[in-house]
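Engineer: give me a 3D structure for the following:
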Amino acid sequence: MDDSQRHRLVQSAFHALDHNKDGSINARDLLSVYADTFPTPEPGHAPLDEATANALISIASSYSTDGQDSPSISFQDFQHFLKIHRIEVIPTDKGWTRESLEALLKDLTQVKARISDSLHQESASALSSSSTGPPEPEVSKKKTQEPVIGSIEYMKRVLTSDTVKHLIAGGAAGAVSRTIVSPLERMKILFQASSPEPANYQGVIPTLRKMWVEEGFLGFMRGNGTNVIRIVPYSAVQFASYEQFKKLLVDPTTRELDTPRRLTAGALAGLTSVAFTYPLDIVRTRLSIQSAQVANTKEAQAALPGIWKTMVHIYTKEGGVVGLYRGLGPTLTGVAPYVALNFQAYEVLRSHLTPPGEVAPSVGMKLICGAVAGSFAQTVTYPLDVLRRRMQVTGMDAVSYKYSSTWDGVKKIIKQEGMRGLYKGMIPNYLKVAPAISISFVVYEQCKQILIGKKTTAGM
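Structural biologist: Residues are numbered from 1 along each chain as shown. Reported below is the predicted structural model:
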């Protein structure tokens, strides 16, 4: 059997034991698989109880490359565990049947028994040697001396931590996805922020043509520099904080995340990322609008303020910090459910579309999962996205509408434009969201796999 065949067998075993299909194995997974495999007690075979299942996960996680105990194990940890203890995984021709799972589970419980016996013998040996002299001091592999804060060793540990790797992967995902869909992103903003009358931008194709004729290729990318500067920290913080919130919210009894906990983790991640990057979001919106207003004048285009000048102008002319955070209320209200639904929908779809015996679906299926998840989340929260764009530009002299508050904005949009006003730009937004979210998830997972070496679900 060559390495690739062995790798596929280990993958199939991992998937068979991953009962809830979340990309990792915990004690609850082992107990559930055991209960399904052995519905009645087996004579002469010790049952897999909760203590044994937790012990097995603890033993397997001790071989993790980061040297930290975890309530669950990744595919890489599982593969290393099987190799260390020389456990062969042999499914039948029909896959993982009751008989093949029975053999694998018995091998796993025997590992626990062997380690327990070994520890018992070491303890007895230590007691007997204590009568002849003091025991040799034991040095724990994990209880190493912590480096001093600020030292080179400390900085090295921080910079190579999983959290930093999540930040890098998230930032890369945001930059790649938003650059690819930049023309559609700018078109959506132009639709959302346009005044009721006259309608300067109507239809997807006519608007794209207008952008090309008036501004050329740069018109498609206008505001993308600001968007990338914003989206890199935004996406990085969103993915990394989602990872951390899931660890904090995991059920201590089942070591799993149910739907309410995962939605909460996603909502908190959305709020955190917005709080870090909101002023850049306002600047990006302003630059997109200003560029469109002077599209026919090259001199005016050349004189357009950059990121820093726009931010300074908002700060000095529109109320200081309050101006930089205008529209934060509807943004937070919209982003929290959007990110929560986005992550939840993606992970559910990803789990259902993972083929039997595999750890993850194909790249093509991941793209489909991301497109569907993003479109679903955006449909639910889109009116709030329109409202936040209007609030961000309401202080500009060039726009005809003025809103004193979020609620005032809602009333005026509905009165002047009807309910359709809250869904302006939704068609180009669908065209943007589907590729943007799908590319973002795929790039994040690929970067995470390269940096950390764990094949898990996005955000996992």
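Engineer: now do stretch 26-46, average pLDDT.
Structural biologist: Mean per-residue pLDDT for stretch 26-46: 71.
Engineer: again with stretch 82-102
Structural biologist: Rounded mean pLDDT across stretch 82-102 is 62.
Engineer: ditto for stretch 375-389
Structural biologist: Per-residue pLDDT values across stretch 375-389 average out to 87.
Engineer: now it: buried residues?
Structural biologist: 375-378, 381-389 (16 or more other CB atoms under 10 Å). For glycine as for every other residue, the C-beta is placed from the backbone atoms N, C-alpha and C.
Engineer: again with stretch 208-219
Structural biologist: 208, 210-211, 215, 219.
Engineer: need the three-state assignment for residue 355.
Structural biologist: On the three-state scheme (DSSP: H, G, I helix; E, B strand; the rest coil), residue 355 is labelled coil.
Engineer: how about the contacts made by it?
Structural biologist: For residue 355, the contacting residues are residue 361, by CB atoms under 8 Å, 6 or more residues apart in numbering.
Engineer: quickly note the distance from it to residue 79.
Structural biologist: From residue 355 across to residue 79, the span is 19 Å (CB to CB, to the nearest Å).
Engineer: then residue 216?
Structural biologist: With distances taken as CB to CB, residue 216 is found 52 Å from residue 79.
Engineer: gap between the closest residue to residue 78 other than its chain neighbours and residue 287?
Structural biologist: Once flanking residues are discounted, residue 78 sits nearest to residue 14: 5.1 Å by CB to CB, 6 or more residues apart in numbering. Plainly put, residue 14 is 48 Å away from residue 287 if you go by CB to CB.
Engineer: give me the domain ranges for the protein.
Structural biologist: 3-124, 156-452 (automatic domain parsing).
Engineer: and the ones you listed, which one's lowest on average pLDDT?
Structural biologist: Taking the mean pLDDT of the domains of the chain, domain 3-124 comes last: a mean of 68.
Engineer: return the set of buried residues in the lengthiest helix in the chain.
Structural biologist: Taking DSSP state H as the criterion, the chain has its longest helix at helix 259-293. Residues 261-274, 276-292 are the ones in helix 259-293 that count as buried (16+ other CB under 10 Å).
Engineer: give the other helices and strands that it contacts.
Structural biologist: helix 182-193, helix 224-249, helix 307-317, helix 321-324, helix 328-352, helix 363-393 (3 or more CB pairs under 8 Å, 6 or more residues apart in numbering; DSSP states H and E).
Engineer: next, the angle helix 224-249 makes with it.
Structural biologist: 170 degrees (axes from the mean of the first three to the mean of the last three CA atoms, to 10 degrees).
Engineer: these two touch, right, residue 345 and residue 378?
Structural biologist: No: using CB atoms under 8 Å, residue 345 is not in contact with residue 378, being 10.8 Å away.
Engineer: which neighbours do the two have in common?
Structural biologist: Counting by CB under 8 Å, 6+ apart, nothing touches both residue 345 and residue 378.
Engineer: what's the burial count for residue 450?
Structural biologist: The burial count assigned to residue 450 is 11, neighbours taken as other CB atoms under 10 Å.
Engineer: could you pull out the buried residues of the helix or strand containing it?
Structural biologist: In this assignment (DSSP states H and E), residue 450 forms part of helix 426-452. By neighbour count with 16+ other CB under 10 Å, helix 426-452 contains the buried residues 426, 428-445, 447-448, 451-452.
Engineer: ditto for stretch 238-248
Structural biologist: Here stretch 238-248 shows 238-246 as buried, counting by 16+ other CB under 10 Å.
Engineer: as TSV, the residues you listed with distance to residue 187 would be great.
Structural biologist: TSV is the format used below for those (distance: CB to CB, whole Å):
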residue	distance to residue 187
238	24
239	26
240	30
241	30
242	29
243	33
244	35
245	33
246	34
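Engineer: mind picking the two most distant members of these?
Structural biologist: 238 and 246 (12.6 Å; CB to CB).
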